[in-house]
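In: coords please:
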Amino acid sequence: MHLANKIQFFHIYEFILYCIIVLFICLIFASCSNVPNELRTVEQLIENSPDSALHLLQRVSPTHYKLPSQRALYGLLVFQTLDKKDKPLQPDSLIDFSISYYLAVNDKLNLAKSYFFKARMCKKRQRFEDAVTLYLKSLDLLNSTENYVLLGKIYSDLGDICMLQMDYKESLKRFQQSIIYFDKAGNTVEKGYRIISAGKTYRFRKAFKNAEQYYKKALSLTSDSLILGYAFQEIGINYYWAKQYDSAQFYLQKCLKFPYNGTNYAIRCFYLADLLFEKQQYDSAFSYAQLALKYPSTFFNQRDCYRILANSEYQRRDFEKMGFYISKYQDCSDSVRKVEIQSKASLLERLHNNNQETTSTKRNMIWTVSMSVLVLLFLVVIVYLLFHRNKLKKSQLDVYKQELNQKQEFVNQSLYKKIAESRESQAEARRYASPAERTRLDKELYEKCLHLSNWDAFSCEMNHAFNQIVDVLQSDYSGITQKEITWCCLHLLDIPNADRILLLNATTDSLYKLKQRLAQKMNLGSTKELDAELKRISSLQV
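Out: Purely as a prediction, here's the structure:
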């Protein structure tokens, strides 16, 4: 009996010891969990309750978290929530810390997400080169995964950038790839958005029937009000581009009643304003252009809204306000120009892929060589890659310079050809025309080719042809008149002196005095220096 009691006591002691060990292990695992409760809650709320998630995050400062893993997750969740709410993605320091941490610990999924949200931040700021580089880095980390939603968003954003850069063929490829991923994810709403975006690429290529088919396909997928509004918006714009104004006006006014994302409401108002201006309903066009500027929009939209406002004020003969809107238009044009000169996404992607292949080749070479020559071979490869990269960059820069020069030369030649063709078409009428009739024909020819009576159109044409010469003359030389600027442009076009006298309503003496005044305003020693100075201003500086 005594022995039995001892055995029973031993079993009870063993059981208690076992419970203590299990409890101790549980406590260890609990203490090892680095994710605070509020961040776990945010992760659960982001998709369905982003407002609540953002509220929780805003209650806590990033400095509250001492562990790098917690600060990295906090930054990633902040950007994810802001993106879900379509708010500005900031500050940069949060996502930069997340990228540095996940890169250090080789957390590929969270690193891919961090790259994606920083890329979106750059895209919204229209820093497309940086955005494309980050998207491609994210793709490198995701290509072997099944995160179809994130893959779909990346390809969609790349499609948007290609479309803004007028690379419509590449844009369509990205949107089609995005559609495939959202289809695999079973996300009908996101798939509908990308189908509409793919349709837009056809609209930009003026394949209006193809575009319409995509829009109708999106309408058949879902009854989501955001999708419906977006589809009706693009159908209206499609009709507008096809010059079917009544149908365009119907759909553009219809889509105003639907909810919107991002810049879509501003786009709807702008196109409605442009359409009404075409129909000479200037007051309505003015109102919609002003309304568009009150909503989030791109530099492209803002520029075109200011164009409508300036033209509307011109119709009202309020030249002071017209000048104000023209200056706003020019500011936006400068911003657009900075966007347009960025490298194309397709070029950056090719360079990225080439770099990836080179890196892979280098890695294979390292594993095949013996350890005794590893350091030497590595140095040789690095030197070769640097030399090859610099040579490739120089070659690409030369090609780019050549393309820019060819583009300007093409515009110049187009003007010369246009004048020559117009003169040739008048040859029969000139043969038997009186001097007065020939004068009228000359004025008609130059008006048709150069739009001399429409200063906005003329200055825009000359800016394109001669490296922004009108803007440069107006900004760099005070007191210069439109008549003097017109003479400069006619001079660069090699218009005969007799025709210049006719077009400027001048005499030989007054034209010579005009040149003298112009030389003085441009701080030149004599009129002989005018030719060289105008050629310098109009030449493309790269």
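In: For the helix or strand hosting residue 509, which residues meet the burial criterion?
Out: Per DSSP states H and E, residue 509 falls inside helix 508-521. For helix 508-521, the neighbour count (16 or more other C-beta atoms under 10 Å) marks 514-515, 518-519 as buried. For glycine as for every other residue, the C-beta is placed from the backbone atoms N, C-alpha and C.
In: what sits against residue 245?
Out: 239, 275, 278-279 (C-beta atoms under 8 Å, 6 or more residues apart in numbering).
In: and the helix holding residue 509, what does it pack onto?
Out: Applying 3 or more C-beta pairs under 8 Å, 6 or more residues apart in numbering; DSSP states H and E, we find helix 508-521 packed against helix 482-492, helix 497-503, helix 530-538.
In: Residue 382: which of those is closest?
Out: Residue 382 lies closest to helix 530-538 among those, at 42.8 Å (C-beta to C-beta).
In: when you compare where the closest one runs with where helix 482-492 runs, what's the angle?
Out: 90 degrees (axes from the mean of the first three to the mean of the last three C-alpha atoms, to 10 degrees).
In: how big is the angle separating helix 530-538 from helix 508-521?
Out: Using the same axes, to 10 degrees: helix 530-538 against helix 508-521 is 50 degrees.
In: got the CA positions of helix 530-538 in PDB?
Out: What follows is helix 530-538, C-alpha atoms only, in PDB (Å, rounded to 0.1, in the frame of the first residue of the first chain):
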ATOM      1  CA  LEU A 530      20.000  88.900 -85.600                       C
ATOM      2  CA  ASP A 531      20.200  85.800 -87.800                       C
ATOM      3  CA  ALA A 532      22.800  84.100 -85.700                       C
ATOM      4  CA  GLU A 533      21.000  84.900 -82.500                       C
ATOM      5  CA  LEU A 534      17.600  83.600 -83.800                       C
ATOM      6  CA  LYS A 535      19.300  80.400 -85.000                       C
ATOM      7  CA  ARG A 536      20.900  79.900 -81.600                       C
ATOM      8  CA  ILE A 537      17.600  80.300 -79.800                       C
ATOM      9  CA  SER A 538      15.700  78.000 -82.100                       C
END
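In: buried residues in it?
Out: 530, 534, 537-538.
In: got it, and stretch 39-56?
Out: 39, 42, 45-46, 50, 53-54, 56.
In: The residues you listed into CSV, with extra columns for pLDDT, secondary structure and distance to residue 107?
Out: Formatted as CSV, the buried residues of stretch 39-56 follow (pLDDT from 0 to 100; DSSP: H, G, I helix; E, B strand; the rest coil; distance: C-beta to C-beta, whole Å):
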residue, pLDDT, secondary structure, distance to residue 107
39, 83, helix, 15
42, 81, helix, 18
45, 82, helix, 22
46, 78, coil, 18
50, 80, helix, 23
53, 83, helix, 21
54, 83, helix, 24
56, 83, helix, 23
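In: which pair in those spans the largest distance?
Out: Of all pairs in these, the most separated under C-beta to C-beta is 39 and 50 at 14.9 Å.
In: if we can go back for a sec, return the member of the buried residues of helix 508-521 nearest to residue 184.
Out: Nearest to residue 184 among these, with distances taken as C-beta to C-beta, is residue 518, at 66.1 Å.
In: Tell me how this structure divides into domains.
Out: Structural domains annotated on the chain: 39-145, 146-244, 262-335, 411-538, as defined by automatic domain parsing.
In: that older thread, okay, the buried residues of helix 530-538 in JSON lines with pLDDT and distance to residue 440 next?
Out: Output for the buried residues of helix 530-538, formatted as JSON lines (pLDDT from 0 to 100; distance: C-beta to C-beta, whole Å):
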{"residue": "530", "pLDDT": "86", "distance to residue 440": "30"}
{"residue": "534", "pLDDT": "87", "distance to residue 440": "29"}
{"residue": "537", "pLDDT": "84", "distance to residue 440": "33"}
{"residue": "538", "pLDDT": "81", "distance to residue 440": "30"}
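In: any idea which of the residues you listed is the one closest to residue 158?
Out: Once C-beta to C-beta is applied, the member of the buried residues of helix 530-538 that ends up nearest residue 158 is residue 538, at 36.6 Å.
In: Do I have it right that the closest one meets residue 469?
Out: Yes - Residue 538 is within contact range of residue 469, at 5.1 Å (criterion: C-beta atoms under 8 Å).
In: Give me the common contacts of the two.
Out: With C-beta under 8 Å, 6+ apart, residue 538 and residue 469 have common neighbours residue 492.
In: and the angle from the longest helix along the chain to helix 530-538?
Out: Counting by DSSP state H, the longest helix found in the chain is helix 374-425. With the same axes, to 10 degrees defining the directions, helix 374-425 sits at 130 degrees from helix 530-538.
In: next one: the next helix or strand after helix 374-425 to chain centre, how far?
Out: Following helix 374-425 in sequence order, the next helix or strand is helix 427-431 (DSSP H and E). Centroid separation between helix 427-431 and its chain, computed with C-alpha atoms, centre = their mean, to the nearest Å, is 49 Å.
In: next one: stretch 528-542
Out: 32 Å.
In: Ok, stretch 66-74 next?
Out: 33 Å.
In: can you check stretch 203-221 too?
Out: Distance, centroid of stretch 203-221 to centroid of chain: 22 Å (C-alpha atoms, centre = their mean).
In: which residues sit in contact with the residue nearest to residue 253 when sequence neighbours are not counted?
Out: Nearest residue to residue 253, sequence neighbours excluded (C-beta to C-beta, 6 or more residues apart in numbering): residue 272, at 6.8 Å. Taking C-beta under 8 Å, 6+ apart, we find residue 272 in contact with 249, 252-253, 256, 288.
In: Residue 239: what's its closest spatial neighbour, skipping adjacent residues?
Out: Residue 239 sits nearest to residue 248 (C-beta to C-beta, 6+ apart), 3.7 Å away.
In: Return the per-residue confidence for the one you found.
Out: Looking at residue 248, its pLDDT stands at 93.
In: which one of the contacts of residue 272 sits closest to residue 67?
Out: For the contacts of residue 272, the nearest to residue 67 is residue 256 (49.4 Å; C-beta to C-beta).
In: how close does the closest one sit to residue 200?
Out: 19 Å (C-beta to C-beta, to the nearest Å).
In: Could you do residue 97 as well?
Out: Residue 97 is 36 Å from residue 200, by C-beta to C-beta.
In: Which one of the two is surrounded by more residues?
Out: Neighbours were tallied for residue 97 and for residue 200 using other C-beta atoms under 10 Å; the higher tally belongs to residue 200 (22 against 18).
In: Check which helices and strands the helix or strand that contains that one is in contact with.
Out: Using DSSP H and E, residue 200 falls within helix 188-204. Contacts defined by 3+ C-beta pairs under 8 Å, 6+ apart place helix 188-204 against helix 148-164, helix 168-185, helix 208-221, helix 225-241.
In: and the third one, what's its mean pLDDT?
Out: Helix 208-221 carries an average pLDDT of 92.
In: what's the answer for the last one, then?
Out: In this model, helix 225-241 has an average pLDDT of 93.
In: Now it: buried residues?
Out: Residues 226-240 are the ones in helix 225-241 that count as buried (16+ other C-beta under 10 Å).
In: How about the second one?
Out: Residues of helix 168-185 classed as buried: 168, 170-175, 177-182, 185 (neighbour count, 16+ other C-beta under 10 Å).
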